[in-house]
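K.L.:
could you look at this predicted model? Sequence included:
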Amino acid sequence: MRLTNITHARLPEGPVSSCSLVVTELGREVPVSFDQGMHAGGGPRPGTWMAVSFTLPGPATRDELGGAWRRVAYRHHTLRTVFESDDVSHLRLREIPGEPVVQWHDHASSPDGARQVLGAVLDEGCSPFARPPHKLCFIDAPEAPTVILAADHCHVDAWSLPLLAHDFLAALEAEKQGMPLQETDQAASFAEHTTELAGRPAPPPDITARWREILADGDGTMPVFPLPLGEVDPLPQETVTTRDLLDAAGLAAFEQHAQGLQQRPLTLLVSAMTRATADLAGRPLRAVLPVHSRTDERWRDAVGWFITNSVLVSSDPALPACRSAVREALALGSHALEPIMRPYGGMPVPAGMFMISYLDYRRLPAALPASLNAQHVSASAPTNGVQVWFVAAEDGLHLRARYPDTPEARESVSRWLTAVADHLVTAVIPEVC
């Protein structure tokens, strides 16, 4: 599965249609998670969605596709919730009652192709306050009919995307066979997770103290990219780059080398990033690190925003030190953030915030076969921060970086990415060269 962006996604050309749930009324309120509140609190806006695209493996009618999407929404409770508010400081998340009903729309073509049409449809239909904030889209390309399942980030994370594709294909078979909806088809709901997280004991004093120390080191905010980004006010357009770091054989050697050192691949990657940051900026690596909260088995096949944020601080490229830095980040991210961030009025997000992420799609519970040509597709939107994703998949290790489209940021981020790649293959795993 490839991680890409709507401006880079490999999609066929053909007529685009979309399918949505029909929302005529709203039911009871359900709890809002800390991350959902931060995200939806930004108000209605384009560019907040995430999607999975894949080639449809066999013929299917529009009714069958819509019925499958209805089954997926029935399975995953978060897809049957919507935000409403007259004031984004007073958010409410409410259920869509009853069995979902679907409606199709055909979209006019664009001279710029299917990607342009798709991006516009999803920007409008998958924003935080859309009703509902998700869609199934279909590109009717004869050689490669393609399904796109998209939702506002409030309702999905990267882990959710292959789950959606897997469950959609299973639902499509159930739809073709005329199987009835059953309560046993429903996965654990994200709202239950939000309730469980809110009911946990307060974070231990040492965790809260370390968070305060980290934020103080960043002048009261989350970490920022260590190199110049140029003028980021007003908000610049984004630049997105992708790079292949290791092919399948190189990734296998990387993992074998890590195993021989009794380390995880992420530890070696942190070592490379620590060296690159020290070389170019003369300072420790400090970055936001998303960590998942699917610690209970019942959440593994559930769709929702189960990712929370931690901070990785690494000043020593030696592998034992990097392993300790990763362990600390995981510990910091294993407690509810809301009580920790309450004194700051929520997570203090600065201009230039730096985030890194590592995801191995092969180890998720719904790995997708290569024949589907699956892609994790993100939206395009202005940004003043730097986000770098490292992704391991069947075809190797690649990255996607998103950062401000300024001359300084293009130069700084490119240099940093090149330095990381160089350290990864020369200093950390020299036998791959």
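P.N.:
Thanks, I have it.

K.L.:
tell me the contacts of the residue nearest the centre of the chain?
P.N.:
Using Cα atoms, centre = their mean, the residue of the chain that lies closest to the mean C-alpha position is Ala158, 3.7 Å off. With contacts taken as Cβ atoms under 8 Å, 6 or more residues apart in numbering, Ala158 has the following neighbours: Leu3, Met50, Ile307, Ser357, Leu359, His376. Heads up, the C-betas are built off the backbone N, CA and C, glycines and all.

K.L.:
distance of Asp316 from Trp305?
P.N.:
33 Å (Cβ to Cβ, to the nearest Å).

K.L.:
more neighbours, the two?
P.N.:
Per other Cβ atoms under 10 Å, whichever of Asp316 and Trp305 has more neighbours is Trp305, with 25 against 16.

K.L.:
host element of the more buried one?
P.N.:
With elements taken from DSSP states H and E, nothing contains Trp305; it lies in neither a helix nor a strand.

K.L.:
what about the residue nearest to Ser160 when sequence neighbours are not counted, neighbour count?
P.N.:
Taking Cβ to Cβ, 6 or more residues apart in numbering as the measure, Ser160 lies nearest to Val303, with 4.3 Å between them; neighbours along the chain are not counted. Val303 is flanked by 27 other residues according to other Cβ under 10 Å.

K.L.:
phi, psi for Val303 please.
P.N.:
Backbone dihedrals for Val303, given as degrees, to the nearest 10, come out at phi -100, psi 140.

K.L.:
what residues are up against it?
P.N.:
Remark: with contacts taken as Cβ under 8 Å, 6+ apart, Val303 is in contact with His76, Thr78, Leu79, His155, Val156, Ser160, Leu163, Leu164, Asp167, Ala187, Phe190.

K.L.:
so among the contacts of Ala158, where is pLDDT lowest?
P.N.:
Scanning the contacts of Ala158 for pLDDT, the low point is Ile307. It has 90.

K.L.:
can you pull the contacts of the closest residue in space to His155 that isn't next to it in sequence?
P.N.:
In space, not counting the residues next to it along the chain, His155 is nearest to Thr78; the distance is 4.5 Å by Cβ to Cβ, 6+ apart. For Thr78, the contacting residues are His155, Val156, Ser189, Phe190, Ala191, Val303, Gly304, Trp305, taking Cβ under 8 Å, 6+ apart as the criterion.

K.L.:
hang on, the earlier thing: just the contacts of Ala158 now: which is nearest Ala281?
P.N.:
When those are compared for distance to Ala281 (Cβ to Cβ), Ser357 comes out closest, at 20.1 Å.

K.L.:
wouldn't that closest one be in contact with Val388 here?
P.N.:
Yes: if you go by Cβ atoms under 8 Å, Ser357 and Val388 touch, sitting 7.3 Å apart.

K.L.:
ok, the two, which is more surrounded?
P.N.:
Neighbours per residue, other Cβ under 10 Å: of Ser357 and Val388, the larger number sits with Val388, 22 against 19.

K.L.:
which helices and strands does the host helix or strand of the more buried one pack with?
P.N.:
Using DSSP H and E, Val388 sits in strand 386-393. Helices and strands touching strand 386-393, as assessed by 3 or more Cβ pairs under 8 Å, 6 or more residues apart in numbering; DSSP states H and E, comprise strand 2-5, strand 354-360, strand 396-404, helix 407-422.

K.L.:
mind giving me JSON lines with the ones you listed and columns for distance to Arg327?
P.N.:
Conversion of these to JSON lines gives the following (distance: least, Cβ to Cβ, whole Å):
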{"stretch": "strand 2-5", "distance to Arg327": "25"}
{"stretch": "strand 354-360", "distance to Arg327": "14"}
{"stretch": "strand 396-404", "distance to Arg327": "22"}
{"stretch": "helix 407-422", "distance to Arg327": "21"}
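
K.L.:
out of these, which is closest to Asp244?
P.N.:
For Asp244, the closest of the helices and strands packed on strand 386-393 is strand 396-404, at 4.8 Å, according to Cβ to Cβ.

K.L.:
Provide the strand pairings for that closest one, with the direction of each partner.
P.N.:
In the sheet containing strand 396-404, the strands it pairs with under DSSP bridges are strand 238-247 (antiparallel), strand 386-393 (antiparallel).
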